[in-house]
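1. Give me a 3D structure for the following:
(one chain, ligands or ions: 1)
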Amino acid sequence: MTIFTRRDFVTSAVAAGFALAGRPRLTDSRLADSRLDVLVNEPIGTIAPEIYGHFVEHLGGVVYDGVWVGEKSRVPNLGGIRRALVEALRAIHPAVVRWPGGCFADSYDWRDGIGPRERRPRRTNFWIDDPHLQALGGNVAAKYDPNEFGTNEFTRFCRLVGAEPYLAVNVRTLPARSFMEWVEYCNSPAASTTLAEQRAAGGDREPFGVRYWGIGNESWGCGGNFTPEEYAAEFRRFGTWAVPAYGVKLAFVGSGPNGGDLEWTRRAFRELAERRSLDRLWGWALHHYCSASNGEAVAFDDTAWYDLLGSANRMESLITSHWQVMGESDRERRVKLVVDEWGAWHKMTTNVDPTHLFGQQSTIRDALVAGLTLDTFNRHADKVAMANIAQLVNCIQSLFLTHEDQFLLTPTYHVFAMYAAHQGARAVRLVASAPAVSWTNGQQQERSLWGLNGSASVKGDVLTLTVTNPHLTEPREAEIAVRGATVRSATATTLAARDVHDHNTFEAPRTVVPTAAQAVAVGSAPLVYHFPAASVTKLEIAVGS
Ligand code: AHR
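-> As a prediction, the model looks like this:
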């Protein structure tokens with residue numbers, strides 16, 4: 001494989017510059033091979049905190065062994081919910097959590113998960129026939145669902161971590177009436193209806209006030225194999241007229257496209273617009289999983305490093321292309337994008353327990369996927385209203401890995417912690433110029449990727465600049481100019497690894513962790529910052545006018 005960088009850096013004078021005297025740094029801006037221009041006076045929009053959202057599905061080890069350990073467990077818990085997970089998640093301000101699926105949602109009856117836990121039915125899990133679970137033989141837990149974790153438990157989990165619940169509705173196997181009653185169970189005022197009393201019997205007298213409702217999931221696939229027109233008809237039945245608001249500003253999310261399927265978006269939007277139902281749609285769900293040539297989570301080669309980052313970077317064009325098509329019917333731009341499943345999906349060779357379906361380890365490569373994807377959402381703050389990484393724990397690109405009483409934070413968790421400062425901030429334009437990275441992919445095709453990219457936002461007098469350097473071996477020296485503000489002070493936090501295959505294990509959970517924030521001195525010379533190879537960096541910059 002050839003990896004080389006193109007020296008296509010454009011030199012131009014820096015209008016306003018500053019120098020960081022922290023480590024690592026260069027003092028001579030002539031050595032810079034890249035530049036980052038932060039345009040403080042070019043706002044994009046407010047970064048919805050919900051972009052930093054999560055996803056919990058009844059799949060493998062996500063709920064059972066991940067979130068829910070049960071009240072009688074020796075694992076420290078808060079009413080059955082894993083305490084360590086609650087504490088770590090709360091610390092990164094998760095704005096929203098999606099549940100109960102995924103594909104599982106279109107086979108789930110919410111009524112199975114209410115009432116006394118010991119009397120709840122045990123059901124066959126949607127994922128029972130997955131070959132990985134079949135290979136395990138027997139009645140392994142992940143094949144069946146005990147329904148111990150239902151609506152009351154999930155909303156309690158959301159309250160504990162400070163997140164809004166986002167419920168995915170079963171469109172494939174339940175009627176619209178069941179959805180309406182789920183809304184009533186969740187949101188009708190205390191003691192107002194039989195369902196409100198049942199909610200109270202489950203421990204929650206007061207309504208949950210659930211705002212976000214996903215009408216189906218992947219309705220082009222596991223959610224029913226609908227055509228876009230058929231799905232639009234289902235959306236109309238589920239999402240229009242019949243649903244009482246109970247004083248909540250309900251936000252319905254439609255089941256959007258599989259990756260780049262623009263026709264799904266075009267035809268569904270056209271149909272909804274023609275039937276005057278587009279105004280019931282708040283968000284349009286887009287799913288994109290990235291993957292790489294050999295599929296390995298840890299034992300990847302250089303080609304697979306770049307293939308994965310290139311595949312993740314497709315998020316940029318997915319957002320802009322679907323947004324453009326949505327605008328053909330939604331002229332007033334009422335509907336926003338909701339990327340409610342995204343992440344790096346590898347082969348199942350590194351899961352921490354065999355029952356953790358789609359469980360995988362996470363390296364600095366996955367951290368770069370998280371960083372560049374969150375940066376993409378930030379740069380499109382005017383279009384993306386919510387995003388949910390798949391999935392929270394023990395599945396695909398997780399923030400946490402757990403098994404019984406063992407628990408760890410993955411490099412992806414650390415990226416979410418570093419990027420939390422962007423939530424609710426005003427995204428501003430960032431212009432990045434750096435030597436592009438080119439490589440030959442697994443199919444012997446020439447590919448290239450930008451050499452540095454990121455996002456910038458301002459909240460009060462703090463400018464947050466996050467940057468990823470995708471080059472496996474080359475650091476980037478970037479001259480950074482903040483236009484439209486004066487820099488007062490700065491700190492830098494970096495996530496990198498000694499070896500890009502390093503990952504956190506239960507035995508060595510701090511193998512890949514960020515540096516502590518380093519104060520960096522600000523001077524009069526232009527800032528030149530050293531972005532290590534294969535890294536994610538956050539610069540937190542105090543600014544004034
Ligand atoms: O996240 C795992 C699965 O991927 C989800 O259940 C489904 O929506 C998607 O195909």
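
2. what sits against Thr350?
-> 296-298, 359-361, 503 (Cβ atoms under 8 Å, 6 or more residues apart in numbering). Any C-beta I mention is one placed from the backbone N, CA and C, and that applies to glycine too.

3. Pipe those residues into CSV and attach distance to the ligand, secondary structure and neighbour count per row.
-> Formatted as CSV, these follow (distance: Cβ to the nearest ligand atom, whole Å; DSSP: H, G, I helix; E, B strand; the rest coil; neighbours: other Cβ atoms under 10 Å):
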residue, distance to the ligand, secondary structure, neighbour count
Glu296, 19, coil, 17
Ala297, 15, coil, 25
Val298, 20, coil, 16
Gly359, 12, coil, 30
Gln360, 12, coil, 29
Gln361, 17, coil, 22
His503, 21, coil, 25
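
4. what's the farthest-apart pair in the residues you listed?
-> Glu296 and Gly359 (13.9 Å; Cβ to Cβ).

5. Please name the residues that touch the nearest residue to Gly101 once chain neighbours are set aside.
-> Distances taken as Cβ to Cβ, 6 or more residues apart in numbering place Glu57 nearest to Gly101, at 4.5 Å, with adjacent residues excluded. Contacts for Glu57 (Cβ under 8 Å, 6+ apart) come out as 63, 99-105, 391, 395.

6. same check, this time on Thr151
-> Going by Cβ under 8 Å, 6+ apart, Thr151 touches 110, 113-114, 167, 182, 185-186, 199, 202, 208.

7. returning to that earlier point: secondary structure element for the residue nearest to Gly101?
-> Taking DSSP states H and E as the definition, Glu57 sits outside all helices and strands.

8. Strands of the stretch 151-300 of the chain, start to end?
-> 164-169, 212-215, 251-254, 283-290 (DSSP state E, counting those that start in this stretch).

9. To the ligand, which of the ones you listed lies closest?
-> strand 283-290 (6.3 Å; Cβ to the nearest ligand atom).

10. For the residue of the chain found nearest the ligand, which non-adjacent residue is spatially closest?
-> Closest contact between the chain and the ligand, by Cβ to the nearest ligand atom, is at Gly102 (2.7 Å). Leaving aside its sequence neighbours, Gly102 sits nearest to Glu57 (Cβ to Cβ, 6+ apart; 3.7 Å).

11. tell me the SS of Arg111?
-> helix (DSSP: H, G, I helix; E, B strand; the rest coil).

12. same thing with the one 10 residues further on?
-> Assigned by three-state DSSP, the conformation of Pro121 is coil.

13. Around the ligand, which positions in this structure sit nearby?
-> Contact residues (Cβ under 6 Å from any ligand atom) of the chain with the ligand: 57, 101-103, 217-218, 341, 390-391, 396.

14. redo that, cut-off 5 Å
-> 102-103, 218, 390 (Cβ under 5 Å from any ligand atom).

15. Can I get those residues in TSV including distance to Ser321, neighbour count and pLDDT?
-> Listed next are the residues of the chain next to the ligand as TSV, based on distance: Cβ to Cβ, whole Å; neighbours: other Cβ atoms under 10 Å; pLDDT from 0 to 100:
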residue	distance to Ser321	neighbour count	pLDDT
Gly102	24	28	98
Cys103	25	19	98
Glu218	19	23	98
Ala390	21	27	98
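
16. Looking at these, spot the one nearest Leu308.
-> Ala390 (15.2 Å).

17. Does the closest one touch Glu341 like I think?
-> Yes - taking Cβ atoms under 8 Å as the definition, Ala390 is a contact partner of Glu341 at 4.5 Å.

18. got any residues that touch both of these two?
-> 55, 102, 289.

19. Centre of the chain to the top strand by length along the chain, how far?
-> In the chain, assigned by DSSP state E, the strand with the most residues is strand 34-46. In terms of Cα atoms, centre = their mean, to the nearest Å, the centre of strand 34-46 is set 23 Å apart from its chain centre.

20. what do you get for stretch 280-294?
-> On the basis of Cα atoms, centre = their mean, stretch 280-294 sits 10 Å off its chain's mean C-alpha point.

21. Only alpha carbons, please: show it as CSV.
-> C-alpha atoms of stretch 280-294 as CSV (Å, rounded to 0.1, in the frame of the first residue of the first chain):
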residue,chain,number,x,y,z
ARG,A,280,-45.9,16.3,11.4
LEU,A,281,-42.3,15.3,10.8
TRP,A,282,-39.7,16.9,13.1
GLY,A,283,-36.7,14.8,12.2
TRP,A,284,-35.6,12.4,9.4
ALA,A,285,-33.5,9.5,10.6
LEU,A,286,-30.3,8.7,8.6
HIS,A,287,-28.2,5.6,9.5
HIS,A,288,-24.5,5.2,8.5
TYR,A,289,-22.2,2.6,9.8
CYS,A,290,-18.6,2.7,8.6
SER,A,291,-16.4,-0.3,8.1
ALA,A,292,-13.0,-1.3,6.7
SER,A,293,-11.4,-3.8,4.5
ASN,A,294,-10.4,-6.6,6.8
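
22. So for that stretch, mean pLDDT?
-> Over the span of stretch 280-294, the pLDDT mean works out to 96.

23. tell me which residues of it are tucked away?
-> Across stretch 280-294, burial judged by 16 or more other Cβ atoms under 10 Å covers 280-290, 292-293.

24. hang on, isn't the residue of the chain closest to the ligand packed against Asn125?
-> No - using Cβ under 8 Å, Gly102 is not in contact with Asn125; the gap is 11.2 Å.

25. Mutual contacts of the two, please.
-> What both Gly102 and Asn125 touch, as defined by Cβ under 8 Å, 6+ apart, is the set 58-59.

26. What residues are bridge-paired with the residue nearest the centre of the chain?
-> Geometric centre of the chain, nearest residue: Ile389, 2.7 Å, by Cα atoms, centre = their mean. Ile389 forms beta bridges with His54, Trp342, as assigned by DSSP bridges.

27. same check, this time on Thr402
-> Phe407.

28. thinking it is in contact with Ile81, fair?
-> No - Thr402 lies out of contact with Ile81 (Cβ under 8 Å); the separation is 11.9 Å.

29. Where does pLDDT dip in the chain?
-> Along the chain, segments meeting pLDDT under 70 span 1-30, 524.

30. give me that answer again for 50
-> The chain contains residues with pLDDT under 50 at 1-27.

31. circling back: adding neighbour count, write the contacts of Thr151 out as TSV.
-> Rendered in TSV, the data for the contacts of Thr151 read as follows (neighbours: other Cβ atoms under 10 Å):
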residue	neighbour count
Trp110	22
Gly113	24
Ile114	20
Leu167	24
Trp182	23
Tyr185	24
Cys186	25
Arg199	25
Gly202	20
Phe208	21
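
32. Sort out for me which of those residues are in helices.
-> Under the assignment DSSP state H, these contribute 182, 185-186, 199 to helices.

33. Just give me the neighbour total for the closest residue to Arg447 other than its chain neighbours.
-> Spatial nearest neighbour of Arg447, chain neighbours left out: Asn441 (4.9 Å); criterion: Cβ to Cβ, 6+ apart. Asn441 has 17 neighbours, counted by other Cβ atoms under 10 Å.

34. My guess is Asn441 contacts Tyr306. True?
-> Yes - counting by Cβ under 8 Å, Tyr306 is a contact partner of Asn441 at 7.4 Å.

35. where do the contact lists of those two overlap?
-> In contact with both Asn441 and Tyr306: Arg447, using Cβ under 8 Å, 6+ apart.
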